[in-house]
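Undergrad: would you be able to build a 3D model of this:
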Amino acid sequence: METKGSIFVWVVVGSLVVAGLFLWLVNPEVVVARIRFHRGTKPWDRILLCFFLPAVYAVFIVGAMDASRFHWLAVPWWVCGIGYVLFPVGVGIFTWAEAVNKFFEVTVRIQGDRGHQVIETGPYATVRHPGYVGAMLFLVGAALGFSSLWALVPAGLASALLLLRTQWEDQTLQAELPGYKEYAQRVRYKLIPGVW
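TA: Residues are numbered from 1 along each chain as shown. Take a look at the predicted model:
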């Protein structure tokens with residue numbers, strides 16, 4: 001178990017360090033923009049984040065408690081291996097979305113103060129909300145990487161909240177961001193090509 005735990009720590013730390021350095025090199029503006037909440041955040045998003053952020057933290061807390069102390073359910077090594085793959089893939093997709101989108105802030109708002117416009121390059125050429133795809137993959141990857149099926153519960157809750165946020169954010173952008181409705185007609189899928 002200790003070996004699995006140390007491998008997972010290296011996967012997490014390595015993925016996040018590489019992603020952070022890459023992002024700082026290619027799009028430092030988004031790094032600065034993501035440091036804090038901004039004026040104009042949609043009220044529904046403030047409420048949603050009150051549930052989403054604790055669910056994200058719970059993935060790591062429950063996973064660490066399960067893996068290091070309680071060992072609630074035995075998980076085969078290959079399940080951890082899936083987590084070791086999903087986590088960096090998710091971080092990679094999330095980082096790619098941040099790298100091409102200087103408007104990728106923490107909260108949902110129309111960024112008139114920053115010249116908000118539609119982004120259609122990189123992963124946005126395929127789906128409209130690729131960052132959420134990456135986030136869901138790394139949340140599930142974190143739970144599995146911890147060898148914790150119980151950590152899938154908060155990961156599932158956080159993912160469900162991201163699905164809800166995807167829907168509401170997309171409605172907001174279509175209603176308020178010039179050009180987004182036309183973009184949504186060209187790029188038909190929000191998260192999964194051919195599905196939704």
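Undergrad: name the residues that touch the strand or helix carrying residue 167?
TA: Per DSSP states H and E: residue 167 is located in helix 152-176. Applying Cβ atoms under 8 Å, 6 or more residues apart in numbering, the external contacts of helix 152-176 come out as 42, 44-45, 48, 51-52, 55-56, 58-59, 62, 108, 110, 128-129, 132, 135-136, 139-140, 142-144, 180-181, 184, 190-191. For glycine as for every other residue, the C-beta is placed from the backbone atoms N, C-alpha and C.
Undergrad: again, 7 Å this time
TA: Residues outside helix 152-176 that contact it (Cβ atoms under 7 Å, 6 or more residues apart in numbering): 42, 44, 48, 51-52, 55-56, 58-59, 62, 108, 110, 128-129, 132, 135-136, 139-140, 142-143, 180-181, 184, 190-191.
Undergrad: would you list the buried entries among those residues?
TA: Among the contacts of helix 152-176, those classed as buried by 16 or more other Cβ atoms under 10 Å are 42, 48, 52, 55-56, 58-59, 62, 108, 110, 128-129, 132, 135-136, 139-140, 142-143, 180, 184, 190-191.
Undergrad: what's the pLDDT at residue 4?
TA: Per-residue pLDDT puts residue 4 at 60.
Undergrad: again with residue 1
TA: pLDDT, residue 1: 46.
Undergrad: and what of residue 57?
TA: Confidence score, pLDDT, at residue 57: 96.
Undergrad: just the element for it, please.
TA: Counting by DSSP H and E, residue 57 is part of helix 43-65.
Undergrad: what's that helix packed up against?
TA: Judged by 3 or more Cβ pairs under 7 Å, 6 or more residues apart in numbering; DSSP states H and E, the packing partners of helix 43-65 are helix 130-145, helix 152-176.
Undergrad: figure out which of these is closest to residue 115.
TA: helix 152-176 (14.5 Å; Cβ to Cβ).
Undergrad: so what's the residue count around the nearest residue to residue 19 once chain neighbours are set aside?
TA: Using Cβ to Cβ, 6 or more residues apart in numbering and skipping residues adjacent in sequence, the residue nearest residue 19 is residue 95, 4.1 Å away. Residues near residue 95, counting by other Cβ atoms under 10 Å, number 22.
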